[in-house]
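*Asks:* I need the structure of the sequence given here:
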Amino acid sequence: MYVPPERLRIGDGRVELDGSYGEGGGQIVRTACALSALTGVSCRISHVRARRNRPGLRAQHCTALKGLARLCDAKTSPLKVGATEVIFSPGTLRPLELELDTGTAGSIGLVLQSLLLSGIGLPGPWKALVRGGTDVPSAPSCDYLKNVKLVLLAQMGYRVDLRVVRRGYFPKGGGIVQVEIEPPQGELLEALHLPVATDTTGSYGVSHASSGLSEGKVAERQRRQATKGLTDFLHIPSKIRMEYGPTDSMGSGLMVWATTDDSVVGACALGTSKQPPEQVADQAVEMLLRTYHTRATIDPWLGDQILPYMALSRAPSVISVPYLTRHMQTNMWVIQRFLNVRFFCEEEDQRIRIECVPGSSS
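*Replies:* The predicted structure is shown next:
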């Protein structure tokens, strides 16, 4: 995909960002450096994750940035755990096969967040294998990426195939994910027009657990409880598959999603030693239904992630979310530093309508 000059925000020199702005987390780093690689505009981020308990880059941030740097032959400041400043000066994007390892249970989903955004600018197909955490706290699971985010991106003309080879739970990780992407051709992406959700057409899920939890029927109990909850509320049969597998750390989880004629929303919950599997299922179902009841077209976990793609669509894009998060507001701020777009947010019934309009950044 080619980003036309009129979509770029013209400025003097590199983009300077305060990493403590707004939500102040790693998302600023992931979005800024991905857009830097995509647009060819250098950036400098100071005060990286300054308000976190452990400020600076963590292992998954370093892994993502090193992968980005390889994709576009970028010159960077030292990418090490704890670094509170990042300088990213990109070269030219080129397709190559990447193999990355966070070395921890660092989220594979967050690593891919940067790589997939920059990957739309590659001139040809691209593959990557990433090791780390597939299902870890405070991060999108790889099942969520596959069944929610990548479904919406396919509607925009960006096709990505993701396969979970091996699951990785906290704290040891050890998960393996393979991705293959087919970058969109021509200029920009297809626009999304998803103001209000239509009726639900189906509900689905993945209930997973380590092999060592099979005697306790953890995955079965999660699936049974979630199936009942979704079927009772949505009044349509729910299809939830189940899986066990070898893992470095014991763990379990459930990812559920619901489809409409033109969108999909999802939610995840992870098991703990202090929770019965039924409670894990109830959490995931409850989070999904919160979005469903507002008739929003995008759940709050995808709300911030989809914004850069809306800014790269050829016409105005419209979505709705249950509420506006700091992650969304912060990502809008970062995007508008690189791209000549404007986001408009308006309260509408029980949801927030977000429209991205090209060519109107001040």
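
*Asks:* residue ranges of the strands in the stretch 101-250 of the chain, please?
*Replies:* Ranges of strands in the stretch 101-250 of the chain, per DSSP state E, counting those that start in this stretch, are 126-132, 159-166, 175-182, 202-210, 238-245.

*Asks:* Could you export the first one as CSV, CA atoms only?
*Replies:* Translated: strand 126-132. Presented in CSV, the C-alpha positions along strand 126-132 are these (Å, rounded to 0.1, in the frame of the first residue of the first chain):
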residue,chain,number,x,y,z
TRP,A,126,5.6,-11.2,4.4
LYS,A,127,5.9,-13.9,7.1
ALA,A,128,6.8,-13.8,10.8
LEU,A,129,7.2,-16.3,13.6
VAL,A,130,7.0,-14.8,17.1
ARG,A,131,7.6,-16.5,20.5
GLY,A,132,6.3,-15.3,23.8
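
*Asks:* Show me which positions of that strand end up buried.
*Replies:* Burial within strand 126-132, assessed by neighbour count using 16 or more other Cβ atoms under 10 Å, is assigned to 126, 128, 130, 131, 132. No exception for glycine: its C-beta is placed from N, CA and C like everyone else's.

*Asks:* could you dump those to a markdown table with distance to residue 227?
*Replies:* Putting the buried residues of strand 126-132 into a markdown table (distance: Cβ to Cβ, whole Å) gives the following:
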| residue | distance to residue 227 |
| --- | --- |
| 126 | 37 |
| 128 | 34 |
| 130 | 31 |
| 131 | 32 |
| 132 | 30 |
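
*Asks:* Going through those, which one is the model least confident about?
*Replies:* pLDDT across the buried residues of strand 126-132 is lowest for residue 126, at 93.

*Asks:* For that residue, give me its contacts.
*Replies:* Taking Cβ atoms under 8 Å, 6 or more residues apart in numbering, we find residue 126 in contact with 71, 95, 96, 97, 98, 119, 180, 181, 183.

*Asks:* Equivalent analysis for residue 305, please.
*Replies:* Shown in contact with residue 305 (Cβ under 8 Å, 6+ apart): 113, 140, 149, 331.

*Asks:* Among the residues you listed, which one is most surrounded by other residues?
*Replies:* Tallying neighbours with other Cβ atoms under 10 Å puts residue 331 at the head of the contacts of residue 305, with 26 neighbours.

*Asks:* Leaving out chain neighbours, which residue sits closest to that one?
*Replies:* Closest residue to residue 331 apart from its sequence neighbours, by Cβ to Cβ, 6 or more residues apart in numbering: residue 304 at 4.6 Å.

*Asks:* repeat for residue 24
*Replies:* What sits nearest to residue 24 in space, not counting adjacent residues and going by Cβ to Cβ, 6+ apart, is residue 51, at 4.8 Å.

*Asks:* Could you do residue 57 as well?
*Replies:* The shortest distance from residue 57 to any non-neighbouring residue, by Cβ to Cβ, 6+ apart, is to residue 83 (4.8 Å).

*Asks:* Figure out which of the strands of the stretch 101-250 of the chain is closest to residue 193.
*Replies:* Residue 193 lies closest to strand 159-166 among the strands of the stretch 101-250 of the chain, at 19.7 Å (Cβ to Cβ).

*Asks:* Would you check the distance separating the closest one from the middle of the chain?
*Replies:* From the chain centre to the centre of strand 159-166 is a distance of 14 Å (Cα atoms, centre = their mean, to the nearest Å).

*Asks:* Same question for stretch 238-251.
*Replies:* That offset, for stretch 238-251, works out to 21 Å (Cα atoms, centre = their mean).

*Asks:* And the buried residues of strand 126-132, which is closest to residue 282?
*Replies:* Of the buried residues of strand 126-132, the one sitting nearest to residue 282 (Cβ to Cβ) turns out to be residue 132, at 28.0 Å.

*Asks:* who's in contact with the nearest residue to that closest one once chain neighbours are set aside?
*Replies:* The shortest distance from residue 132 to any non-neighbouring residue, by Cβ to Cβ, 6+ apart, is to residue 102 (3.6 Å). Contacts for residue 102 (Cβ under 8 Å, 6+ apart) come out as 59, 60, 63, 108, 111, 130, 131, 132, 133, 173.

*Asks:* And residue 300, by the same measure?
*Replies:* 291, 321, 322, 323, 325.

*Asks:* In strands, which of those residues fall?
*Replies:* Among the contacts of residue 300, the members found in strands (DSSP state E) are residue 321.

*Asks:* As JSON lines, the contacts of residue 300 with pLDDT, distance to residue 216 and neighbour count would be great.
*Replies:* What follows is the contacts of residue 300, written out as JSON lines (pLDDT from 0 to 100; distance: Cβ to Cβ, whole Å; neighbours: other Cβ atoms under 10 Å):
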{"residue": "291", "pLDDT": "96", "distance to residue 216": "30", "neighbour count": "26"}
{"residue": "321", "pLDDT": "98", "distance to residue 216": "37", "neighbour count": "25"}
{"residue": "322", "pLDDT": "97", "distance to residue 216": "34", "neighbour count": "20"}
{"residue": "323", "pLDDT": "97", "distance to residue 216": "36", "neighbour count": "15"}
{"residue": "325", "pLDDT": "96", "distance to residue 216": "35", "neighbour count": "16"}
